[in-house]
Each structure stands twice: as structure tokens, then as C-alpha cells.
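>>> here is a sequence together with a model predicted from it:
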Amino acid sequence: RTRGLMKSRSTAPGVPGTSAELTKPDAAEVADVTGKRVIATIDTNCGEIVAELDGANAPLAVASFVQLARLGYWKDAPCPRLTAGSIFVLQCGDPTGTLNGTPGYGFAIENAPTDNVYKRGVLAMARPQDNAEGNGGQYFIVYRDSPIPTDKAGGYTVFGSVLSGMDIVDKIAAGGAEGGAPDGAPAFPISTLSVTTETKD
């Protein structure tokens with residue numbers, strides 16, 4: 001049985017450089033990316049991963065990603081989970097490195113695949129099992145096509161795809177999880193150093 005792609009929520013971690021409490025992007029911020037392409041550069045200790053975010057089909061997720069990038073939410077954030085059992089993903093986006101961190105808000109599922117197959121190279125939001133409003137800051141990169149069954153809440157928001165840097169993800173995946181487990185922290189640690197975004201017309 002596939003478990004949720006995020007564990008239970010906990011207190012939001014502090015945002016680097018600010019004491020402001022985070023809130024969900026407002027309507028104007030969502031409108032700024034709706035229908036737009038957003039190029040995200042995820043700088044890691046292993047190199048850059050560049051992705052195109054889909055503002056047409058997942059505007060809530062993209063607006064949130066842009067906001068968190070601007071605020072430096074992912075500064076020095078480890079990617080705490082690699083799976084290699086029935087699903088094949090690298091999970092990132094938690095500054096606490098515990099799989100429990102959230103930005104303190106959630107938003108609804110968007111653009112989940114109707115066939116429940118998540119293609120290699122896609123970025124999708126991680127959320128607690130059965131929580132349709134549990135999307136926040138955690139996301140996963142699929143490194144091999146993965147059928148992920150829906151839970152009571154539905155599927156998982158696909159909000160982008162990798163343009164370059166899948167070789168980095170593949171190297172992390174080849175190392176497996178610690179202790180050879182099918183699900184755990186990557187044996188080759190990878191951390192997000194910073195994220196920048198650029199919105200295109």
C-alpha cells in the first residue's frame with residue numbers, strides 16, 4: 001500500500017532572513033502566473049536543476065512556488081526522501097529535513113494525472129495522505145515513470161517539468177536510500193541552496 005507522499009504536518013519552519021508569517025498567495029499573485037510559463041532554477045550542492053512551471057494548469061502551486069523562492073524558504077534545505085520501491089521520486093522542499101515542514105498554509109490539488117501515472121521529469125506537490133488542502137512547500141521530482149494511486153483526497157498536483165538537471169537526480173537515485181532501503185534519506189545527500197524564478201509571457 002502506497003503511503004502518502006508527505007507525513008503529518010508540523011509547525012512551519014522559520015523563513016531565512018525574515019520573521020514574517022507566511023500566508024497563501026493572494027488572488028493577484030495567482031493571477032500573475034496564471035497561463036504563464038515560469039522558469040525555476042533550483043541551485044543544489046550537486047548542481048543546477050532547471051524546470052518549467054505550468055501556470056496554465058497549476059496556478060496555485062506555481063504562485064506558491066514563486067513566493068517561497070522569493071522569500072528564500074528553501075535556503076540550505078535538504079531533500080529528505082528518495083523512493084525506489086513501487087514509486088520512483090526524489091522529495092525536496094522541506095527546510096526542516098524531517099518530511100514534516102510546511103510554510104504554514106495549504107492549497108487545493110490541481111492538474112493530477114487522470115491515469116495516476118507520473119511521468120519521468122515531472123515536478124509534483126507532496127502532501128499528507130487524504131488531505132486535499134495539504135499542498136505547501138514540499139514537492140517531488142519523478143525519475144522513472146511511477147503509477148501512484150489516488151487516496152481519499154485524490155491525486156498529486158503536477159506543476160512543472162525538468163528542462164535540465166535530470167542527470168543530477170539520476171545520480172542521486174543511483175545511490176539509493178541510506179542502508180539500501182526502498183524509501184528513506186538519499187545515501188548521496190542533496191540540498192537546495194537557493195531557488196530563483198522568472199515568469200515568461
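Noted; the coordinates are in hand. Everything quoted here is computed from the prediction, not taken from an experiment.
>>> residue 154 and residue 132 touch, don't they?
Yes - Residue 154 is within contact range of residue 132, at 6.0 Å (criterion: CB atoms under 8 Å). Backbone N, C-alpha and C define where each C-beta goes, glycine included.
>>> who touches both of these two?
residue 109 (CB atoms under 8 Å, 6 or more residues apart in numbering).
>>> residue contacts, residue 24?
So residue 24 contacts 64, 105-107 (CB under 8 Å, 6+ apart).
>>> can you do 10 Å?
30, 60, 63-64, 67, 103-107, 133, 136 (CB atoms under 10 Å, 6 or more residues apart in numbering).
>>> just checking, residue 171 is part of a strand?
No - counting by DSSP: H, G, I helix; E, B strand; the rest coil, one finds residue 171 to be helix, located in no strand.
>>> can you report how many residues neighbour it?
For residue 171, the count of nearby residues is 15 (other CB atoms under 10 Å).
>>> that one contacts residue 46, correct?
Yes - contact status for residue 171 versus residue 46: in contact at 7.2 Å, counting by CB atoms under 10 Å.
>>> hmm, back to that, sort out which of the contacts of residue 24 are buried, if you could.
Neighbour-count burial within the contacts of residue 24 applies to 30, 60, 63-64, 67, 103-107, 136; the criterion is 16 or more other CB atoms under 10 Å.
>>> a markdown table for the residues you listed, including distance to residue 164 and pLDDT?
Shown next, in a markdown table, are these (distance: CB to CB, whole Å; pLDDT from 0 to 100):
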| residue | distance to residue 164 | pLDDT |
| --- | --- | --- |
| 30 | 27 | 96 |
| 60 | 25 | 97 |
| 63 | 23 | 97 |
| 64 | 23 | 97 |
| 67 | 24 | 96 |
| 103 | 26 | 93 |
| 104 | 32 | 90 |
| 105 | 30 | 93 |
| 106 | 30 | 94 |
| 107 | 28 | 96 |
| 136 | 26 | 94 |
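>>> distance of the residue lying closest to residue 119 once chain neighbours are set aside from residue 27?
Ranked by CB to CB, 6 or more residues apart in numbering and with sequence neighbours excluded, the top spatial neighbour of residue 119 is residue 145, at 5.5 Å. Residue 145 is 35 Å from residue 27, where distance means CB to CB, to the nearest Å.
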